[in-house]
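> Next one to model:
(one chain, ligands or ions: 1)
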Amino acid sequence: MDRSKHTVSTLVEMPFTRRRWSRAALFAGVGLLLAGCADNAPQDYFQPKGENARKIDNLQRPVFYIAGVVGVIVVAVIGYIVWKFKDRGQDIPEQSHGNPKLEIALTILPAIILAGIAVPTVITVFQLDKKDDTECIINVTGQQWWWEYDYATGDCGGVKIDKPIVTAGELVIPEQTNVLLRITSRDVIHSYWIPALNGKRDAVPGRLHTLRMEADHPGLYTGQCTEFCGLSHARMRQAAVALSQSDFQQWVDNQLEPYTAPEAGSMAADGEAVFIANCSKCHQVNDLKNADGSPVLSDPDLYVVSGVAPNLSHLMNRTAFAGWTFDLITEQCRTKLWNAKPVDFGALYLKGVTPECFDEANLRDWLRNPPGMKPMFVDPNNLSSTGGKYRGMPNLNLKPAQIDQLIAYLLERN
Ligand code: CUA
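Here you go, the predicted model:
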């Protein structure tokens, strides 16, 4: 074609010539393909960071390649035949009743491929279900819309846990240890998935599903709930944090450190009173005492559908909150943590939320209006379907001064 004749007027008359369509399709295709090339993709299951995920990768890669080759051959043959035998006005070809040799071959060949794939698949399924080499057990409970972790007492990869630890959002595990998660749910079906460490496992009310976890090196491995579980399913995230054995010991020690009351007369002390009056209905802070010395015990059963709210005893040892959706640390500090070398990661993580790293705006906005940041069924006038209980955290209509006091108090929960 003479390009010089391709003037603006012809383009306007023929806005979508075949050439333009194919160019648009090419751009869309290449764009889609390139989107898979991001190197900062921490939830890429092609990059396993632990033994269990690696077993899955070793299985899925050859299957993916074989399926890819078969797919390309099938599409190419179909394309060739469509082009070759296109209706050009030729005679109708001789009608036959098939080709037995070809049909038998095309039946046997896929059967052989499938049988070949079945062997490593079944072996991998059994390997991923192994439990007799467990070195640490952690209970995981899905709720709308966050994950609770409950560490059983006993040995966890050589570290002794002598009192139960309850935390949320961030699963902290010792590196190179066979951890067994026992997963369930308190309300609807969720699904637990840390792609770098293993496949996904559904969290089903009334059932207990196990999932192996192992990380080769200290680091942060993220995931998200992968079963649609209601309004804030997209804001139900999770992370696994792997630490060296000595750092894990340090983390356990931090978690079991007794409660320290704020200094009398401080803003944090006022915050403690605000916390007891408002937040402690649902949120537990271990060893917190009323003015008369009696323990402050939360009773979320009365207020939320799942009957549980995150334990906030050591909130500032975590790096995100509200279903691991909002950062407690600034973007700069988050990036540092992401990029930390395995050898430096533990020390950086164990610092917790330092004053330099604290992202106050997120927590402040949350305390001001939680449903404004994360959609939840918390309209006080529309709780008939849940017997008057909330799904998630309602707006407590806290005054700005109360929010200041609460933040001062929570900052000391480390
Ligand atoms: Cu929980 Cu989706």
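> Stretch 202-219 and the ligand, any residue contact?
No - judged by C-beta under 6 Å from any ligand atom, stretch 202-219 stays clear of the ligand, getting no closer than 7.6 Å. Quick note: C-beta positions are derived from backbone N, CA and C, even for glycine.
> what are the ranges of the strands in the stretch 101-250 of the chain?
According to DSSP state E, counting those that start in this stretch, the stretch 101-250 of the chain carries its strands in the segments 136-143, 146-151, 154-156, 159-161, 165-168, 170-174, 179-185, 190-192, 201-203, 209-213, 219-224, 237-243.
> Pull out the buried residues from the fourth one.
Just to be clear, that refers to strand 159-161. By 16 or more other C-beta atoms under 10 Å, the buried positions in strand 159-161 come out as 159, 161.
> From the contact counts, what lies against that strand?
Counting contacts by 3 or more C-beta pairs under 8 Å, 6 or more residues apart in numbering; DSSP states H and E, strand 159-161 packs against strand 154-156, helix 245-256.
> Let me have these in TSV, adding mean pLDDT and mean neighbour count as columns.
What follows is these, written out as TSV (pLDDT from 0 to 100; neighbours: other C-beta atoms under 10 Å):
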stretch	mean pLDDT	mean neighbour count
strand 154-156	95	15
helix 245-256	96	18
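> Columns distance to residue 399 on top of the ones you listed, output as a markdown table?
Listed next are those as a markdown table, based on distance: least, C-beta to C-beta, whole Å:
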| stretch | distance to residue 399 |
| --- | --- |
| strand 154-156 | 42 |
| helix 245-256 | 32 |
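> most tightly surrounded among the strands of the stretch 101-250 of the chain?
Stretch with highest mean neighbour count among the strands of the stretch 101-250 of the chain: strand 190-192 (a mean of 27; mean count of other C-beta atoms under 10 Å).
> isn't residue 192 right up against residue 198?
No - Residue 192 lies out of contact with residue 198 (C-beta atoms under 8 Å); the separation is 9.1 Å.
> Quickly list what's touching both of the two.
When C-beta atoms under 8 Å, 6 or more residues apart in numbering defines a contact, the residues bordering residue 192 and residue 198 alike are residue 211.
> gap between the nearest residue in space to residue 359 that is not next to it in sequence and the ligand?
Once flanking residues are discounted, residue 359 sits nearest to residue 330: 4.8 Å by C-beta to C-beta, 6 or more residues apart in numbering. Computed as C-beta to the nearest ligand atom, to the nearest Å, the residue 330 to the ligand distance reads 27 Å.
> what residues does this structure put near the ligand?
142, 145, 190, 225, 227, 228, 229, 233, 236.
> the strands in the stretch 301-414 of the chain, which residues?
Using DSSP E, counting those that start in this stretch, strands in the stretch 301-414 of the chain cover 320-321, 326-327.
> picking that back up, most neighbours among the residues of the chain next to the ligand, which one?
residue 190 (32 neighbours; other C-beta atoms under 10 Å).
> can you map out the helices along the stretch 251-400 of the chain?
With DSSP state H, counting those that start in this stretch as the criterion, the stretch 251-400 of the chain has helices at 267-278, 331-339, 342-350, 360-368, 370-373, 400-411.
> Tell me what the residue in the stretch 51-200 of the chain positioned nearest to the ligand is bridged to.
Nearest residue of the stretch 51-200 of the chain to the ligand, counting by C-beta to the nearest ligand atom: residue 190, 3.4 Å away. Beta-bridge pairing for residue 190 (DSSP bridges): residue 203.
> Tell me who's in contact with it.
Contacts for residue 190 (C-beta under 8 Å, 6+ apart) come out as 142, 143, 147, 202, 203, 225, 227, 229, 236.
> Isn't the second one up against residue 306?
Yes - in terms of C-beta under 8 Å, residue 143 counts as a neighbour of residue 306; the distance is 4.0 Å.
> Quick check: neighbours shared by the two?
186, 187.
> burial count for residue 194?
Using other C-beta under 10 Å, residue 194 has 27 neighbouring residues.
> now the one 3 residues further on
The local packing count at residue 197 equals 26, with neighbours defined by other C-beta under 10 Å.
> follow-up on the earlier one: hmm, which two among the residues of the chain next to the ligand are most spread apart?
142 and 228 (12.4 Å; C-beta to C-beta).
> Was I right to think residue 193 contacts residue 222?
No - taking contacts as C-beta under 8 Å, residue 193 lies outside contact range of residue 222: 9.9 Å.
> Next up, the contacts around residue 359.
Contacts for residue 359 (C-beta under 8 Å, 6+ apart) come out as 327, 328, 329, 330, 331.
> hmm, I was thinking of residue 319
Contacts of residue 319 by C-beta under 8 Å, 6+ apart are 170, 239, 327, 328, 329, 334, 337, 349, 353.
> Return the closest of the residues you listed with respect to the ligand.
Distances from the ligand to the contacts of residue 319, taken by C-beta to the nearest ligand atom, are shortest for residue 239, at 14.7 Å.
> For the residue of the stretch 301-414 of the chain found nearest the ligand, which non-adjacent residue is spatially closest?
Nearest residue of the stretch 301-414 of the chain to the ligand: residue 323, at 8.4 Å (C-beta to the nearest ligand atom). Of all residues not flanking residue 323 in the chain, residue 146 sits nearest, at 4.0 Å (C-beta to C-beta, 6+ apart).
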